[in-house]
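Student: the following block contains a protein sequence and its predicted model.
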Amino acid sequence: MKRLKVLVSAYAFNPVGALQLHPGEDITGWKLVEQISRFSDVWVITHSYNRDAVLEALSQRALNGVDINFINLPLGLRLLYRIDFGQRIYYYLWQILAWIKARSLHKKIHFDVAHHITFGNDWMPSFIGALLPIPFIWGPLGGGQRTPKGLLREYSLYGRFAEIIRIIIQWLGRNHYFRRRCAKKASAILVCNQETREKFQGKYDKKIYFFPVNGISSNALTSKLNNTEAQGVFRALTAGRFHRLKGFALAVKSFHIFSKKISNSEFIIVGSGSEKDRLERLIQKLELQSKVRIHPWVQHEKLLKMMHSSDVFIFPSFRDGGGAVVVEAMACGKPVVCLDSGGPGFHIRQEWGIKIAPNNPDYVVNEMAKALEGLYLDKNLRKRMGETARKRAEDYYLWDRLGDRLLRIYQEVLLVSSKQ
């Protein structure tokens, strides 16, 4: 197949990921453009906040065949980022600007395909996808997942109100004319979890593809494993942005139960965010200061080393669409304990992890503690799950493998388009 001319809309497109903004989406945008550039010439439209990191990366290693266009809304509108859903309003407005840029580029270049990558929300339309008169690929998308009803009481009153507003906005978004037009016009819709797929059930089934929003690089598979058993400590690890939806407080409570039985244990929480103070107060209340440590967010390579030097990875997020750290823990050969919800529920199977039904906080806490105890007591199970997790990551989540799958989807899309 000749090299295609592909237009990519990737608001988040950043090789390092900015924790204070959109780290998971940033890296997804960057990695998928890398893969698309293997078989296509790519024109990327992205937000200007990515500029410094992108130019720094390109000074070290060029992305051949990739033309990057940075665009930005007026500076004053960045104030929207100070409120929960303000960033989505900002992004909606930014997409209008992106469409104007895309239309101008298409008049000159005549693209074969348009691909909207980030943000990957099923309920927010892509104006480029809806309006550009060429085959359109949408995703990978999340957004269908919700906080399970039984876990809503873990949120503050403000948090519950924010969840209600989120549900209302999503409903309005899914009934937006341009969102419906995107779904109808898309030649392929890539989704990263079952809940999001359900939002497209019916007449769109034939163009739905499961496609993870997270992948891994080969270095995640080649790092050496540190032996924590030799240190006489059973180490649990978790990582992410300290936000109410991540459920880290439940992980601390479950470790409290577990550590009462297993004294040679510790729990490391890597990250930062608005929930840090709450977590610190909980750790003090449970008198876990000597066993639970909050570690500031670290660069990707350092996080992989920390994963390799742990025994189990915990990720009790209530509604993550993807869950990049879950896939990375699998690549590091670690069994994962998570909730059966969203992306983590999609990634993990019983052969390489333990999924817990998100019934209510007490149930989750007790079941996570039982899972930790079971993995501690059965070293063979821990080893077997870790090896299977690592193989699954290598077979399914390597970025190059995902790129190969994406190429096949492009070929199918263009074949169908040529017959119409």
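Tutor: That came through, no problem. Residues are numbered from 1 along each chain as shown.

Student: residue 118 against residue 29, yeah?
Tutor: Yes: counting by CB atoms under 8 Å, residue 118 touches residue 29, with 4.3 Å between them. C-betas here are computed from N, CA, C, even on glycine.

Student: so what sits against both of the two?
Tutor: 10, 11, 12, 13 (CB atoms under 8 Å, 6 or more residues apart in numbering).

Student: surely the first one and residue 45 touch.
Tutor: Put plainly, it is residue 10. Yes: the pair residue 10 / residue 45 is scored as a contact, 7.2 Å apart, by CB under 8 Å.

Student: just among the shared contacts of residue 118 and residue 29, which is most surrounded?
Tutor: With neighbours defined as other CB atoms under 10 Å, the most crowded of the shared contacts of residue 118 and residue 29 is residue 13; it has 29 neighbours.

Student: which parts of the stretch 101-250 of the chain are strands?
Tutor: 113-118, 136-141, 188-191, 208-210, 234-241 (DSSP state E, counting those that start in this stretch).

Student: of those strands, which is nearest residue 289?
Tutor: strand 234-241 (16.1 Å; CB to CB).

Student: and that closest one, how far out from the chain's middle?
Tutor: Taking CA atoms, centre = their mean, to the nearest Å, the mean C-alpha location of strand 234-241 is offset from the chain mean by 17 Å.

Student: strand partners of that strand, parallel vs antiparallel please.
Tutor: For strand 234-241, the paired strands and their directions (DSSP bridges) read strand 265-272 (parallel), strand 312-315 (parallel).

Student: reformat those as JSON lines; add mean pLDDT, mean neighbour count and distance to residue 49.
Tutor: Converted to JSON lines, these look like this (pLDDT from 0 to 100; neighbours: other CB atoms under 10 Å; distance: least, CB to CB, whole Å):
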{"stretch": "strand 265-272", "mean pLDDT": "94", "mean neighbour count": "20", "distance to residue 49": "18"}
{"stretch": "strand 312-315", "mean pLDDT": "96", "mean neighbour count": "26", "distance to residue 49": "27"}
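
Student: and those strands: which comes nearest residue 389?
Tutor: strand 312-315 (9.3 Å).

Student: could you point out the helix or strand that follows the closest one?
Tutor: Going down the chain from strand 312-315, the next helix or strand is helix 324-331, by DSSP states H and E.

Student: CA-only coordinates of the helix or strand that that following helix is followed by in CSV, if you can.
Tutor: Proceeding N to C from helix 324-331, the next assigned helix or strand is strand 336-339, under DSSP H and E. C-alpha atoms of strand 336-339 as CSV (Å, rounded to 0.1, in the frame of the first residue of the first chain):
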residue,chain,number,x,y,z
VAL,A,336,-2.8,-6.5,39.3
VAL,A,337,-5.7,-6.1,41.8
CYS,A,338,-8.3,-3.7,40.4
LEU,A,339,-12.0,-3.0,40.2
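
Student: next one: strand 336-339 to chain centre, how far?
Tutor: 15 Å.

Student: now for the helix or strand that that strand is followed by, which elements pack on it?
Tutor: Downstream of strand 336-339, the next assigned helix or strand under DSSP H and E is helix 342-347. Applying 3 or more CB pairs under 8 Å, 6 or more residues apart in numbering; DSSP states H and E, we find helix 342-347 packed against helix 194-198, helix 324-331, strand 336-339.

Student: possible to save these as JSON lines with distance to residue 172?
Tutor: Compiled in JSON lines, the helices and strands packed on helix 342-347 are given as follows (distance: least, CB to CB, whole Å):
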{"stretch": "helix 194-198", "distance to residue 172": "17"}
{"stretch": "helix 324-331", "distance to residue 172": "28"}
{"stretch": "strand 336-339", "distance to residue 172": "27"}
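
Student: perfect, I'm done here.
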